[in-house]
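Peer 1: Requesting a structural model of the entry that follows:
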Amino acid sequence: MIDVTKLLSTLLYDPKDPVLFNSAFFFYYFAIFLFCYLAVSGSKTGRVWVFTLFSLYFFYKACGFYVGLVILSAIVDFNLSRWIYRAQQRSLRVFLLVFSIVINIGLLFYFKYTDFFIGIVNEVTAGHIRPLHLLLPIGISFYTFENLSYTIDVYRKEFPPVDNFMDYLFFLSFFPKLMMGPIVRAADFIPQISQPYVLDREDIGTGMYLIISGLFKKIVISDFIYLNFVQYIFDDPSKHTGLECLLGVYGYALVIYCDFSGYSDMAIGIARWTGFKIPPNFATPYQSASITEFWRRWHISLSSWLRDYLYIPLGGNRKGRVRQYVNLALTMLIGGFWHGASWNFIFWGGLHGVALGLDKVRIDWLKKTGKVYTGFSKYFFKVLGILITFHFVCFCWIFFKASSFHDAWALIHQIAYDFQPGIWYDLYQGYTAVFALMLLGFVLHFVTASGGQQVMEKTMARVPVWGSVAIMVVFIWLLIQVKSTQPMIPIYFQF
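Peer 2: Here you go, the predicted structure:
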């Protein structure tokens, strides 16, 4: 007999157990969704309604009644964009655009940054204003940027507004990317809604590879390394030797990459199975030979958004070199602040802004002198660039991850003054599985760059449907055997 109370508790929002792509609930949810979606796949209206309703429910399971914010945002920007497009007077169009920006940024600011600025006011004035301790709505940073890009593109006449509200709500609430991105632009997504649903072997193979690789990166590599090593290091760096701290930083670099890129891969793979193509969000970023190249490969949807809607409107590189460096610094500072209401994130963004400015100086010098490296020198400086870029990024990750500046500097102090390389063998014996997975993770990171991903996608595309189902079932069973009992919330879930 069905336990109605238990069933209801499973279906209702539980703040202690939000729905995740790697949760057992999601597998049942996704199976039911696919059944319903395929049942109406011949009707554009049916696909939109089924997908939207399932997406809103998915978001409800992740953050409760904050799902109303997504609906409210869709209503506001759907109407504002239409008014902007139809307005004849430039002043009215500007006013409506500014109003849209204020509404979107205002909601984001209220939930994400109010307590941060209350803290600043209290420190400066010795005041006693009570923080509001607001619960941050999951995904608000992502769908806010999607709303902004939509209304700005409409204002620029680069994209006509949609006529059907459900199409826009579908775009904004699309559950694969709703909570953690990628940040998808309406101009790339909305035209796909009206296209007939066709699923070929390439879609099945690519989607399967992305989902399996994403789950593997998230559960097998990221979660295991974090829960069994990295979290111990960052909880109190002063208790660990410099060698442990350094390996912890390397571990976190892999953890945040596998965590976020794994989620992005799953989102893109699920979208592919449902007939939508979302651009990749990562392109083996740790193979970058410069910090400029890194930001072309890391969180591509965010870095391109910041470039097109912040850096270029600020003037980009069109107003002289000094202004260009200032624009870079401001863009990265704001990008850091976007990640969270903390001085650590602002400092992290500032470091990357300074590095990007210095890299522009290097690039300008190479162009001015006509310096071109060939032969052995070309490969030597490429490898050197990869090593320098990777270690700079790792240095910045310390401030991104550490709970305070004190902890960040404590970790750096241990690496600089208490390294103790002699303990490496004891450390290896204590964390053999962790270090083996770290090595595997970095090796796979470079293998996929050399064409491994394309080979795997083509291989899976040749597998018949029954074989694909069998592979997925076996893989999920294996994941259940190896996954940790303590679920790890995705890192970018908090942003």
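
Peer 1: could you say what helices and strands whichever helix in the chain runs longest packs with?
Peer 2: Looking across the chain with DSSP state H, the single longest helix is helix 90-125. With contacts taken as 3 or more Cβ pairs under 8 Å, 6 or more residues apart in numbering; DSSP states H and E, helix 90-125 sits against helix 67-86, helix 140-155. Just so you know, the C-beta spots here come from the backbone N, C-alpha and C atoms, and that holds for glycine as well.

Peer 1: Arg272 - nearest residue in space that isn't next to it in sequence?
Peer 2: Gly207 (3.9 Å; Cβ to Cβ, 6 or more residues apart in numbering).

Peer 1: Looking at the longest helix of the chain now, give me its mean pLDDT.
Peer 2: Mean per-residue pLDDT for helix 90-125: 92.

Peer 1: burial count for the residue nearest to Arg272?
Peer 2: Applying other Cβ atoms under 10 Å, we find 24 residues neighbouring Gly207.

Peer 1: Rounded mean pLDDT for the helix or strand harbouring Trp365, please.
Peer 2: Using DSSP states H and E, Trp365 maps to helix 343-369. Helix 343-369 comes out with an average pLDDT of 91.

Peer 1: avg pLDDT for the following helix or strand past that helix?
Peer 2: Once helix 343-369 ends, the next helix or strand along the chain (criterion: DSSP H and E) is helix 375-401. What helix 375-401 shows for mean pLDDT is 93.

Peer 1: again with stretch 60-73
Peer 2: Mean pLDDT, stretch 60-73: 90.

Peer 1: now it, how far from the chain's geometric center?
Peer 2: 19 Å (Cα atoms, centre = their mean, to the nearest Å).

Peer 1: can I get the CA coordinates of that stretch in CSV?
Peer 2: The C-alpha trace of stretch 60-73 is given here as CSV (Å, rounded to 0.1, in the frame of the first residue of the first chain):
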residue,chain,number,x,y,z
TYR,A,60,10.2,24.5,-6.8
LYS,A,61,11.9,21.3,-5.6
ALA,A,62,15.2,23.2,-5.6
CYS,A,63,14.1,26.4,-3.8
GLY,A,64,10.5,26.3,-2.8
PHE,A,65,8.2,29.2,-3.5
TYR,A,66,11.0,31.3,-4.8
VAL,A,67,9.9,29.8,-8.1
GLY,A,68,7.5,32.7,-8.2
LEU,A,69,10.5,35.0,-8.9
VAL,A,70,11.2,33.3,-12.2
ILE,A,71,7.6,33.7,-13.2
LEU,A,72,7.6,37.4,-12.1
SER,A,73,10.8,38.1,-13.9
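
Peer 1: in that stretch, what's buried?
Peer 2: Tyr60, Lys61, Ala62, Cys63, Gly64, Tyr66, Val67, Leu69, Val70, Ser73 (16 or more other Cβ atoms under 10 Å).

Peer 1: Residues touching that stretch, excluding its own?
Peer 2: Stretch 60-73 is contacted by residues 13, 15, 18-19, 25, 29, 56, 59, 104, 107, 135, 137-140, 143-144, 147, 169, 172-173, 178-179 when judged by Cβ atoms under 8 Å, 6 or more residues apart in numbering.

Peer 1: so who does Phe229 touch?
Peer 2: Counting by Cβ under 8 Å, 6+ apart, Phe229 touches Leu247, Gly248, Gly251, Tyr431, Val434.

Peer 1: The last one contacts Tyr226, correct?
Peer 2: No. Under the criterion of Cβ atoms under 8 Å, Val434 lies out of contact with Tyr226, with a separation of 9.7 Å.

Peer 1: what is in contact with these two at once?
Peer 2: The contact lists of Val434 and Tyr226 share Gly251, where a contact means Cβ under 8 Å, 6+ apart.

Peer 1: Which one of those two is surrounded by more residues?
Peer 2: Tyr226 (23 against 20).

Peer 1: which ones are touching that one?
Peer 2: Going by Cβ under 8 Å, 6+ apart, the list of residues near Tyr226 reads Gly251, Tyr252, Val255, Asp259, Met488.

Peer 1: Out of these, grab the one that's most surrounded.
Peer 2: Neighbour-wise, the contacts of Tyr226 (other Cβ under 10 Å) top out at Val255, 29 neighbours.

Peer 1: and that one, what element?
Peer 2: Here Val255 is assigned to helix 242-273, by DSSP H and E.

Peer 1: what packs against that helix?
Peer 2: helix 175-178, helix 201-215, helix 224-225, helix 231-235, helix 375-401, helix 405-417, helix 424-430, helix 432-447.

Peer 1: Count the residues that sit near Gly349.
Peer 2: Gly349, neighbours per other Cβ under 10 Å, totals 24.

Peer 1: give the contact list for the nearest residue to it once chain neighbours are set aside.
Peer 2: Distances taken as Cβ to Cβ, 6+ apart place Gly336 nearest to Gly349, at 2.0 Å, with adjacent residues excluded. Neighbour list for Gly336: Phe345, Ile346, Phe347, Trp348, Gly349, Gly350, His352 [criterion: Cβ under 8 Å, 6+ apart].

Peer 1: Quick check: buried residues in the helix or strand encompassing Gly336?
Peer 2: Using DSSP H and E, Gly336 sits in helix 321-339. For helix 321-339, the neighbour count (16+ other Cβ under 10 Å) marks 324-339 as buried.
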